[in-house]
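S.K.: no FASTA, just this:
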Ligand SMILES: [Zn+2]
């Protein structure tokens, strides 16, 4: 049953009804999950991991029919007519042969530099220039992470500006880095795509997100480990609420301005609330750094129903190497491969990517930094994935998300 060839995902003629059925299943799952929210804090980087466990998601019968389908049939017209001019398409060339070009959807190096005193020269950490070259990185999403804890629990939009300046300073400090928003990225360079993680501060003025997207932000996550005025989080939410009214308007605004909402860290109820908004915008759903809950029962991971919805909208889920989201303390390379296999089996080969969480969470020992990525490529080949499938997972699927634009533009 494992589709690990490079062929495109099957295209369904009834994508809308299929998605509606999936959403119905998701709502059931969300209701079940919210009935039970244990928490047990555990120290680990930006993930601030919690070992919360949710009941195993039921698998509604309706989900057994049909695989991932195109998002084309989901596009709504008119909703984006007032959108501001989107930024230029970032052009990144991925190799067709030889080492597998990596585009990583979630790396927290800016957090280390901005908040943890790592020098801009990056002499250490998971993503030094030397390691990125050894791992054959072609693109990297540098996260503008707004910690819930700063300013007595009140991060501001000004903080997001300041961390964005740190991302730009990193790009300026290294010949290897090129801002993807600036135009075509030469082969051999690493394209830098900014994202936002924990956008609660934008509740002060949601219109401010427009200029961040114009400046190059491609993915926007509404929450981190605490609920905020936009949405509830996977790891702290105790109620049945998902997106607030303001949160819904914010998501519509993100899509209209040309970026994508990132559902990693979002509660199950928030995920369910986002689906019709994404559908109206014709936007794929992205989870930049989340694994399969079926293999690791953690609320930061995705249910099979959510993985199917991600596939049905044409989106991706980025495999997270943080050991707590793979299997637990004893996670090995084979457990990462098992996560990839399951995610591909459920979402489809076009819908799984890399979202390492390097410089954020503690990775599995076998993938201890960006220099180790080709080891994972070899392990996937040994597990039966073909060359083309690995290229999709390593870079092509992520690039499709990062170059997404509203249909009306
Ligand atoms: Zn995270």
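M.R.: Noted; the coordinates are in hand. Everything quoted here is computed from the prediction, not taken from an experiment. Residues are numbered from 1 along each chain as shown.
S.K.: Name all residues that make contact with residue 184.
M.R.: By CB atoms under 8 Å, 6 or more residues apart in numbering, the contact list for residue 184 reads residue 91. Bear in mind the C-beta positions are built from the backbone N, C-alpha and C, glycine included.
S.K.: where does it land on pLDDT?
M.R.: pLDDT recorded at residue 184 is 88.
S.K.: separation between it and residue 163?
M.R.: 26 Å (CB to CB, to the nearest Å).
S.K.: and what of residue 99?
M.R.: In terms of CB to CB, residue 99 sits 31 Å off from residue 163.
S.K.: Show me where the stretch 251-400 of the chain has its helices.
M.R.: For the stretch 251-400 of the chain, the helices defined by DSSP state H, counting those that start in this stretch occupy 268-281, 304-312, 323-326, 333-347, 373-382, 387-391, 397-402.
S.K.: Could you look over those helices and pick the most buried one?
M.R.: Ranked by mean neighbour count, the helices of the stretch 251-400 of the chain are led by helix 304-312 with a mean of 28 (mean count of other CB atoms under 10 Å).
S.K.: and the angle from that helix to helix 268-281?
M.R.: Relative orientation of helix 304-312 versus helix 268-281 (axes from the mean of the first three to the mean of the last three CA atoms, to 10 degrees): 20 degrees.
S.K.: what's helix 304-312 packed up against?
M.R.: Of the remaining helices and strands, those touching helix 304-312 by 3 or more CB pairs under 8 Å, 6 or more residues apart in numbering; DSSP states H and E are helix 15-34, helix 268-281, strand 286-287, strand 316-319, helix 333-347.
S.K.: Compare neighbour counts for residue 99 and residue 163 and give me the winner.
M.R.: Comparing residue 99 with residue 163 by neighbour count (other CB atoms under 10 Å), the higher total belongs to residue 163, at 24 against 14.
S.K.: ok, that one - contacts?
M.R.: Taking CB under 8 Å, 6+ apart as the test, what residue 163 contacts is 110-111, 114, 144-146.
S.K.: Check the gap between the nearest residue to residue 269 once chain neighbours are set aside and residue 223 for me.
M.R.: Spatial nearest neighbour of residue 269, chain neighbours left out: residue 242 (3.4 Å); criterion: CB to CB, 6 or more residues apart in numbering. The gap separating residue 242 from residue 223 is 11 Å, by CB to CB.
S.K.: which one of those two has more residues nearby?
M.R.: Neighbour count, other CB under 10 Å: between residue 242 and residue 223, residue 223 has more, with 29 against 21.
S.K.: one step back: can you flag the weakest of the helices and strands packed on helix 304-312 by average pLDDT?
M.R.: helix 15-34 (a mean of 45).
S.K.: what packs against the next helix or strand after that one?
M.R.: Going down the chain from helix 15-34, the next helix or strand is strand 102-107, by DSSP states H and E. In terms of contacts (3+ CB pairs under 8 Å, 6+ apart), strand 102-107 is packed against strand 137-145, strand 190-197, strand 316-319, strand 352-354, helix 397-402.
S.K.: relative to strand 137-145, how tilted is strand 102-107?
M.R.: Going by the same axes, to 10 degrees, strand 102-107 makes 10 degrees with strand 137-145.
S.K.: what's next to strand 102-107, contact-wise?
M.R.: Counting by CB under 8 Å, 6+ apart, 92, 94, 126-127, 135-143, 191, 195, 197, 219, 264, 286, 288-289, 316, 318, 320, 353-360, 370, 373, 394-395, 398-399, 401-402 sit against strand 102-107.
S.K.: Let me know how buried residue 386 is, in neighbour terms.
M.R.: Using other CB under 10 Å: residue 386 sits among 14 other residues.
S.K.: Tell me who's in contact with residue 356.
M.R.: Contacts of residue 356 by CB under 8 Å, 6+ apart are 104, 106-107, 126, 289, 318-321, 363, 367, 370.
S.K.: Report the secondary structure element holding residue 110.
M.R.: Under the criterion of DSSP H and E, residue 110 resides in helix 109-115.
S.K.: Give me the distance from that helix to the chain's centre.
M.R.: In terms of CA atoms, centre = their mean, to the nearest Å, the centre of helix 109-115 is found 19 Å from the chain centre.
S.K.: contacting residues around the helix or strand following that helix?
M.R.: Per DSSP H and E, the first helix or strand lying C-terminal to helix 109-115 is helix 129-134. Helix 129-134 is contacted by residues 122, 140, 174, 176, 190, 369-371 when judged by CB under 8 Å, 6+ apart.
S.K.: Quick check: residue 319 touching residue 336?
M.R.: Yes - counting by CB atoms under 8 Å, residue 336 is a contact partner of residue 319 at 6.8 Å.
S.K.: For residue 366, grab the count of nearby residues.
M.R.: So residue 366, with other CB under 10 Å, has 16 neighbours.
S.K.: So it versus residue 323, what's the distance?
M.R.: From residue 366 over to residue 323 the distance is 10 Å, taken as CB to CB.
S.K.: One more: residue 242?
M.R.: Taken as CB to CB, the span from residue 242 to residue 323 is 28 Å.
S.K.: picking that back up, how near is the residue nearest to residue 269 to residue 187?
M.R.: 42 Å.
S.K.: Please apply the same query to residue 150.
M.R.: From residue 150 to residue 187 the distance is 38 Å (CB to CB).
S.K.: before we move on, what about residue 402?
M.R.: From residue 402 over to residue 187 (counting by CB to CB), the distance is 17 Å.
S.K.: Also residue 395?
M.R.: Taking CB to CB, one finds residue 395 at 13 Å from residue 187.
S.K.: So these two - more neighbours on which side?
M.R.: residue 395 (24 against 11).
S.K.: isn't the more buried one right next to residue 96, touching?
M.R.: No - using CB under 8 Å, residue 395 is not in contact with residue 96, being 11.0 Å away.
S.K.: shaky segments in the chain?
M.R.: 1-90, 237, 239, 408-409 (pLDDT under 70).
S.K.: How about the contacts made by residue 199?
M.R.: So residue 199 contacts 146, 160, 209, 220-223, 230, 250 (CB under 8 Å, 6+ apart).
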